[in-house]
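**Q** fold the following and give me the result.
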Amino acid sequence: MNIKAVIFDMDGLMLDTEKLLVKYWCEAANSLGFPMERWHALALRSFSGKFAKPQLKEWFGEDCDYLTIRNLRVKLMAEYTDKYGIEKKAGLDTLLDYLKEKGYRTAVATATNVERAEQYLKQLGVYEKFEQIICGNMLENGKPCPDIYLYACEKLGLSPSECIALEDSPNGVKSASTAGCVTIMVPDLTQPEKEQLDAVYAVAQSLDKVIDILEGEKE
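**A** Here you go, the predicted model:
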């Protein structure tokens, strides 16, 4: 491989927020009369609204209002993070420092919208460490389609084969691997199943373990 850049997902990969997303998806939906369970919320990880909306209707019926549920979920989660802050995933700073030292370029490709992505990354003090930040609302087709990774590679001026993509969720892995990026899964709430294992180059149990994979590639 000739890797020149590393593209990071955000929620569940850099930020320990997927557990909050799952919690507040369920709380919001249930408070509005839709019996969402943990497995439903897990299935929505990295889904763009374009795909989440019909998925909710399939689960809960045509009267299920995705935007109303989502907006309540956003409100509930914002109330929590405003009070308690956002946790950084283990190994993030170690990996970012390593990538800078070794001359790798870095970007973000997240399903989260621009405003919240910038807010979260600035809160963690890592915003300036990324050359490009590509968000779901910049594109018509978000994850699990490959468009966001193809666009990130285009903005970097690199081919997907020159970029490692770091993802924690099945929908994210599908997006990155379909784009042709060298995909490494860093599991968060669930471990990879066969579909993900077949699609990824490697699995790292924490972000700092990605360094071992990069170092091994150099040997």
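**Q** run a quick neighbour tally on E101.
**A** Residues lying near E101 (other CB atoms under 10 Å) number 8. Just so you know, the C-beta spots here come from the backbone N, C-alpha and C atoms, and that holds for glycine as well.
**Q** please shift the residue numbers so they start at 880 in all later answers.
**A** All right, first residue 880 from here; so that's E980.
**Q** that one and V1005, how far apart?
**A** 15 Å (CB to CB, to the nearest Å).
**Q** can you list the buried residues in the lengthiest helix in the chain?
**A** In the chain, assigned by DSSP state H, the helix with the most residues is helix 945-963. Using 16 or more other CB atoms under 10 Å as the test for burial, helix 945-963 gives Y945, I948, R949, L951, R952, L955, M956, T960.
**Q** for that helix, C-alpha coordinates in CSV please.
**A** Written as CSV, here are the backbone C-alpha positions of helix 945-963 (Å, rounded to 0.1, in the frame of the first residue of the first chain):
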residue,chain,number,x,y,z
TYR,A,945,-38.5,10.8,11.6
LEU,A,946,-37.8,14.5,11.9
THR,A,947,-39.8,14.9,15.1
ILE,A,948,-38.1,12.0,16.8
ARG,A,949,-34.6,13.1,15.5
ASN,A,950,-35.1,16.7,16.7
LEU,A,951,-36.1,15.5,20.2
ARG,A,952,-33.1,13.1,20.2
VAL,A,953,-30.9,16.0,19.3
LYS,A,954,-32.4,18.2,22.1
LEU,A,955,-32.1,15.5,24.7
MET,A,956,-28.5,14.7,23.8
ALA,A,957,-27.5,18.4,23.7
GLU,A,958,-28.9,18.9,27.2
TYR,A,959,-26.7,16.0,28.4
THR,A,960,-23.5,17.1,26.6
ASP,A,961,-23.9,20.7,27.5
LYS,A,962,-24.0,19.6,31.2
TYR,A,963,-21.5,16.8,31.2
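**Q** and the residue lying closest to N992 once chain neighbours are set aside, what pLDDT?
**A** In space, and not counting its chain neighbours, N992 is closest to N1016: 4.5 Å by CB to CB, 6 or more residues apart in numbering. Per-residue confidence (pLDDT) for N1016: 85.
**Q** go ahead and confirm N1016 touches V993.
**A** Yes. Applying CB atoms under 8 Å as the test, N1016 and V993 come out as touching, 6.3 Å apart.
**Q** can you show me the helices along the chain?
**A** Under DSSP H, the chain gives helices at 897-910, 917-922, 928-939, 945-963, 971-981, 993-1002, 1026-1035, 1049-1058, 1073-1078, 1088-1097.
**Q** most tightly packed of the ones you listed?
**A** Neighbour counts (mean count of other CB atoms under 10 Å) averaged over each of those peak at helix 1049-1058, with a mean of 24.
**Q** next, the angle from that one to helix 1026-1035.
**A** 50 degrees (axes from the mean of the first three to the mean of the last three CA atoms, to 10 degrees).
**Q** what's the angle between helix 1049-1058 and helix 928-939?
**A** 140 degrees.
**Q** mind checking which of the helices of the chain is nearest I1012?
**A** helix 993-1002 (6.1 Å; CB to CB).
**Q** ignoring the adjacent residues along the chain, who's closest to L899?
**A** That would be M956: by CB to CB, 6+ apart, it lies 5.4 Å from L899.
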